[in-house]
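>>> Structure for this input, please:
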Amino acid sequence: MSEYRIETLAIHGGQAPDPTTGAVMPPIYQTSTFAQTDVGVGKGFVYSRVDNPTRAALERNLALLEGGAHALAFASGMAAIDAAMRLLRQGDHLIVCDDVYGRAFSLIQSLVVRAGVEVSFVDLTRLDDVKAAFRSSTKMIWVETPTNPQLKIADLAALAEMCRAHGAWMGVDNTFATPCLQNPLALGAALVVHSTTKYLGGHSDVIGGAVVTNDAALHDELRFLQKTAGAVPGPHDCWLVLRGTKTLPLRMERHCANAMRLAEWLSGHKAIARTIYPGLGDHPQHELARRQMRGFGGMISIVMRGGHDAARRLVKRTKLFTLAVSLGGVESLIEVPAGMTHALKADSDLAVDPALVRLSVGIEHVDDLKEDLNDAMLGL
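The predicted model follows:
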């Protein structure tokens with residue numbers, strides 16, 4: 001089905017009406033085990049940690065959306081990142097974007113380093129710095145683009161070229177952009193990771209993750225990890241993500257449109273020192289974002305003039321923007337990363353500005369969202 005456009009793939013990709021009942025939506029195969037016709041002989045499924053028909057449908061769908069040959073579903077985005085990091089061996093070198101998600105930073109600083117992997121945190125928007133960071137032992141570059149929460153944009157094609165020259169992999173967390181806005185595999189990535197909890201699920205009602213690749217050898221190793229470590233999503237979780245991907249293109253259009261309108265308005269607000277959004281002309285990588293992406297996403301970061309105190313007061317005053325971690329749902333969320341999702345980086349050189357507020361812009365009416373923020377910023 002790869003010849004179809006993403007709006008069609010989101011609905012039909014990797015799934016067809018159930019051959020037994022004709023059900024249009026793939027059924028939830030809520031079972032732990034499957035009957036076998038003989039010792040070691042079954043009908044394609046044996047045990048739901050190893051594989052499950054609902055999970056298989058989701059994996060086919062995600063592979064098609066990302067333009068990949070293989071996808072593997074995991075129990076969370078962090079489980080997917082963990083599986084990708086387990087591809088590294090003692091003595092390998094890993095280059096990581098400096099504005100990496102807080103829990104991923106913690107995983108890398110603890111478990112990955114403990115496994116004997118050397119790690120360098122680098123601003124991936126500075127290509128000369130990336131070139132200088134490469135070693136003979138460099139095995140992978142880990143990229144977020146846009147990053148979380150500073151919304152930096154990395155040049156994926158340029159980074160992939162460096163990786164090829166050094167025999168390294170490029171892994172890309174594509175959660176913020178989604179397959180609707182950006183396809184890293186087409187730009188040279190070896191692996192693409194998603195927290196399906198976010199935009200792919202889209203309704204703040206499921207936890208999940210995924211890895212997509214075109215590399216058969218990497219897929220086989222990741223498949224072994226998935227089956228053996230067992231950090232897999234249940235069939236109902238898979239069904240919820242499949243439900244979400246069907247409307248992903250429609251939702252992303254609204255997320256992007258709302259975020260663009262709000263970013264333009266916020267950039268002129270007296271309470272804000274800086275508005276960070278790739279769609280704004282003053283964003284340092286705006287032109288790259290225009291070339292590399294098909295939209296600028298639904299995430300905005302703002303830096304409050306009044307510092308951390310103003311940031312805390314703002315997030316406690318909003319009514320439509322809910323103070324909560326996570327992102328990518330139909331509802332708008334607001335948070336202070338320095339004290340929430342990125343608190344684990346507080347004592348490091350990569351700490352987030354305490355005055356920075358992250359907005360996950362939902363699909364409500366944009367004027368209502370604007371009024372909510374405007375009311376909350378009165379007197380700040």
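
>>> Restrict stretch 298-316 to CA atoms and write it as PDB.
Taking Å, rounded to 0.1, in the frame of the first residue of the first chain, the C-alpha atoms of stretch 298-316 are listed here in PDB:
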ATOM      1  CA  GLY A 298       2.000  21.800  17.600                       C
ATOM      2  CA  MET A 299       4.600  22.600  20.200                       C
ATOM      3  CA  ILE A 300       5.600  26.100  21.300                       C
ATOM      4  CA  SER A 301       8.000  27.200  24.000                       C
ATOM      5  CA  ILE A 302       8.000  30.600  25.600                       C
ATOM      6  CA  VAL A 303      10.500  32.300  28.000                       C
ATOM      7  CA  MET A 304       8.800  34.500  30.600                       C
ATOM      8  CA  ARG A 305      10.200  38.000  31.300                       C
ATOM      9  CA  GLY A 306       9.500  37.500  35.000                       C
ATOM     10  CA  GLY A 307      11.600  34.300  35.300                       C
ATOM     11  CA  HIS A 308      10.600  31.100  37.000                       C
ATOM     12  CA  ASP A 309       8.100  32.900  39.300                       C
ATOM     13  CA  ALA A 310       6.200  34.200  36.300                       C
ATOM     14  CA  ALA A 311       6.300  30.800  34.600                       C
ATOM     15  CA  ARG A 312       4.800  29.100  37.700                       C
ATOM     16  CA  ARG A 313       2.100  31.700  38.000                       C
ATOM     17  CA  LEU A 314       1.200  31.400  34.400                       C
ATOM     18  CA  VAL A 315       0.800  27.600  34.300                       C
ATOM     19  CA  LYS A 316      -1.400  27.700  37.500                       C
END
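
>>> What's opposite the residue nearest to residue 267 when sequence neighbours are not counted in the beta bridge?
Excluding its sequence neighbours, the residue lying closest to residue 267 (CB to CB, 6 or more residues apart in numbering) is residue 275, at 4.1 Å. Backbone N, C-alpha and C define where each C-beta goes, glycine included. As for beta bridges, residue 275 partners with residue 302 under DSSP bridges.

>>> Surely residue 275 is in contact with residue 281?
No - because the distance of 11.5 Å does not satisfy CB atoms under 8 Å, residue 275 is recorded as not touching residue 281.

>>> Would you state the helices of the stretch 151-300 of the chain in chain order?
156-166, 178-181, 216-229, 235-245, 248-266, 286-292 (DSSP state H, counting those that start in this stretch).

>>> domains for the protein, by residue range?
For the chain, the structural domains run 6-245, 248-376, going by automatic domain parsing.

>>> show me where pLDDT drops low in the stretch 251-380 of the chain?
Counting by pLDDT under 70, the stretch 251-380 of the chain shows no low-confidence range.

>>> re earlier: right, so the helices of the stretch 151-300 of the chain: which one is the most enclosed?
Of these, the one with the most neighbours on average (mean count of other CB atoms under 10 Å) is helix 178-181, at a mean of 26.

>>> Show me what it is packed up against.
Packing contacts for helix 178-181, counted by 3 or more CB pairs under 8 Å, 6 or more residues apart in numbering; DSSP states H and E, involve helix 248-266.

>>> what does the helix it packs on rub up against?
6-7, 10, 65, 178-181, 199-200, 202, 272, 275, 277, 279-280, 295-300, 302, 330, 359, 361-364, 366, 369-370, 373 (CB atoms under 8 Å, 6 or more residues apart in numbering).

>>> Give me the buried subset of those residues.
For the contacts of helix 248-266, a neighbour count by 16 or more other CB atoms under 10 Å gives the buried set as 6, 10, 65, 178-181, 199-200, 202, 272, 275, 277, 279-280, 295-300, 302, 330, 359, 361-364, 366, 369-370, 373.

>>> Next step: those restricted to strands.
When DSSP state E defines the strands, the subset of those inside them is 272, 275, 299, 300, 302, 359.
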